[in-house]
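Chemist: Could you work out the structure for the sequence below:
(4 chains)
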Number of protein chains: 2
Amino acid sequence: MQRASVIQNEIFHALADPSRRAIFESLTRGEVAVKDLTARFDISQPAVSQHLATLKKAGLVRARREGRCIYYRVRPSGMKPLIDWISHYRAFWTEHVERLEQLLETMDE
Amino acid sequence: MQRASVIQNEIFHALADPSRRAIFESLTRGEVAVKDLTARFDISQPAVSQHLATLKKAGLVRARREGRCIYYRVRPSGMKPLIDWISHYRAFWTEHVERLEQLLETMDE
DNA sequence: ACATCATATAAGTGCCTACTTATATATCTC
DNA sequence: GAGATATATAAGTAGGCACTTATATGATGT
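Modeler: Numbers count the residues shown, from 1 in each chain, chains lettered A, B, ... in the order given. Presented below is the predicted three-dimensional model:
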């Protein structure tokens, strides 16, 4: 479980940054080249590359070179550790959320 | 959608820190007082309180005073923005993950 | 070979954050 | 009320991180 939590750290860290999450969300709509990502966001090209490197290290995206361009896309199984982390407490959510779904709002205050 | 993403920011930020995630995981096993959390982790009591304040601000936990102790517990509906964020790309996951569940490993390399 | 385009890496900088110690606030006991 | 316990807040600090500009690497076209 040590390895898993290290990966979880990297995934949570990668998704914690708004710019990185925005880039990731862009990629969920399909493969995008770095230059196109750079055009979409108001940060420099190196900043985009650095974010992509972080996402890649976390296993959330993959890269593919085609000529001069490098296309990034989401690596679907990369989300698994995040989903695993959530579903690790699935029993808890089930017990508290699903069963008392309609009462959640009143529970909050 | 602006409000939602602000909350998402706070949740991802809150869960990005390993200590904070460990504290949160402790709370999923039931209500715990601050002093007991302080005993469990190798950080100071103020550090624990600060982490709890961050989790609380993100809507992930709630506090209840009983005498001198303050008991923290998970706020179940606090996870909703995170689950919403993931399920926002549910179609994507469905397409790539669920349908090709057995092929994920081979897809990775 | 050279110029251009696309991306990554290096190096530097300012801000954020996670921690610390010290102190304030709140509750209980005597 | 005084002291003890439990927690929160204040203030300071060191390290990390997200950005920048500058430069290196790599591919294409002429």
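Chemist: ok, which stretches of chain A are strands?
Modeler: A:32-33, A:61-66, A:69-74 (DSSP state E).
Chemist: any chance of these in CSV, with distance to chain B, mean neighbour count and mean pLDDT too?
Modeler: Using the backbone N, CA and C atoms, a C-beta is placed for each residue, glycine as well. What follows is the strands of chain A, written out as CSV (distance: least, Cβ to the nearest Cβ, whole Å; neighbours: other Cβ atoms under 10 Å in any protein chain shown; pLDDT from 0 to 100):
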stretch, distance to chain B, mean neighbour count, mean pLDDT
strand A:32-33, 14, 17, 98
strand A:61-66, 8, 14, 96
strand A:69-74, 7, 18, 96
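Chemist: longest helix in chain A, by residue count?
Modeler: When chain A is parsed with DSSP state H, its longest helix is helix A:2-16.
Chemist: Check which helices and strands that helix sits against.
Modeler: Where contact means 3 or more Cβ pairs under 8 Å, 6 or more residues apart in numbering or on different chains; DSSP states H and E, helix A:2-16 is packed against helix A:18-28, helix A:45-57, helix A:80-87, helix B:2-16, helix B:18-28.
Chemist: distance of A:Asn42 from A:Asp36?
Modeler: No Asn there; residue A:42 is Asp. Using Cβ to Cβ, to the nearest Å, A:Asp42 is found at 14 Å from A:Asp36.
Chemist: Throw the strands of chain A into JSON lines and include distance to A:Glu10, thanks.
Modeler: Listed next are the strands of chain A as JSON lines, based on distance: least, Cβ to Cβ, whole Å:
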{"stretch": "strand A:32-33", "distance to A:Glu10": "22"}
{"stretch": "strand A:61-66", "distance to A:Glu10": "12"}
{"stretch": "strand A:69-74", "distance to A:Glu10": "16"}
